[in-house]
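# Here's my sequence, what's the structure:
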Amino acid sequence: MKKKGSENYLEKIPVHSERIKWSQAEDGKVTLDIENKGVFNTVAQKLFKKPRVSHVHLDDMGSFVWPLIDGKRSILEIGELVEAELGEKAHPTYERLAKFFQILESYSFIAWI
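So this is what the prediction gives:
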């Protein structure tokens, strides 16, 4: 039976997907702009008046973390910066970060290097 590598999730290094455009408002809030491409999206846009671009608004923690995703910092390093900036508001920090990155990965908003 093969054993999976003992890779620590917190040591993974995330990078933004090239297809995601984003902006940061003056108040620090980050908005991800997702272009809806493909046959089914085109049909939905025409028939059901669905938008060509969807906007995902991140919360305070997500807005702080998103710009830190640079392809150099691991989740552990990002967590240390979150702790320093948000303190108690971020607790439980690493559990929240792990879930946040799992969600980002599930929507292909990030990749790993």
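# All the strands of the protein, residue numbers only.
Using DSSP state E, the strands of the chain run over residues 14-16, 21-24, 30-35, 53-57, 110-112.
# Which among these is found nearest to Glu88?
Glu88 sits nearest to strand 30-35 of all those, at 21.9 Å, using Cβ to Cβ. Every residue, glycine included, has its C-beta placed from N, CA and C.
# Which elements pack onto that closest one?
strand 21-24, strand 53-57 (3 or more Cβ pairs under 8 Å, 6 or more residues apart in numbering; DSSP states H and E).
# what's Lys12 in contact with, if anything?
Contacts for Lys12 (Cβ atoms under 8 Å, 6 or more residues apart in numbering) come out as Ser74, Ile75, Phe101, Trp112.
# Buried subset of those residues as a PyMOL selection?
One line in PyMOL is enough to select the buried ones among the contacts of Lys12; burial here means 16 or more other Cβ atoms under 10 Å:
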select buried, resi 75+101
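# Okay, buried residues for the longest helix along the chain please.
Longest helix of the chain, by residue count under DSSP state H: helix 93-106. For helix 93-106, a neighbour-count test (16+ other Cβ under 10 Å) marks Thr93, Tyr94, Arg96, Leu97, Ala98, Phe100, Phe101, Leu104 as buried.
# Any chance of the residues you listed in CSV with distance to Lys46 and pLDDT as columns?
Putting the buried residues of helix 93-106 into CSV (distance: Cβ to Cβ, whole Å; pLDDT from 0 to 100) gives the following:
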residue, distance to Lys46, pLDDT
Thr93, 44, 95
Tyr94, 44, 95
Arg96, 39, 96
Leu97, 39, 96
Ala98, 39, 95
Phe100, 34, 97
Phe101, 35, 97
Leu104, 29, 97
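# follow-up on the earlier one: what helices and strands are in contact with the longest helix of the chain?
For helix 93-106, the contact count by 3+ Cβ pairs under 8 Å, 6+ apart identifies helix 60-65, helix 75-86, strand 110-112 as packing neighbours.
# deepest of these, which one?
helix 60-65 (a mean of 19; mean count of other Cβ atoms under 10 Å).
# Go ahead and name everything in contact with that helix.
24, 28-30, 78, 82, 85-86, 89-90, 96-97, 100.
# What of stretch 104-113?
With contact meaning Cβ under 8 Å, 6+ apart, stretch 104-113 is reached by Lys12, Ile13, Pro14, Val15, His16, Ser17, Arg19, Ile20, Leu32, Ile69, Gly71, Phe101.
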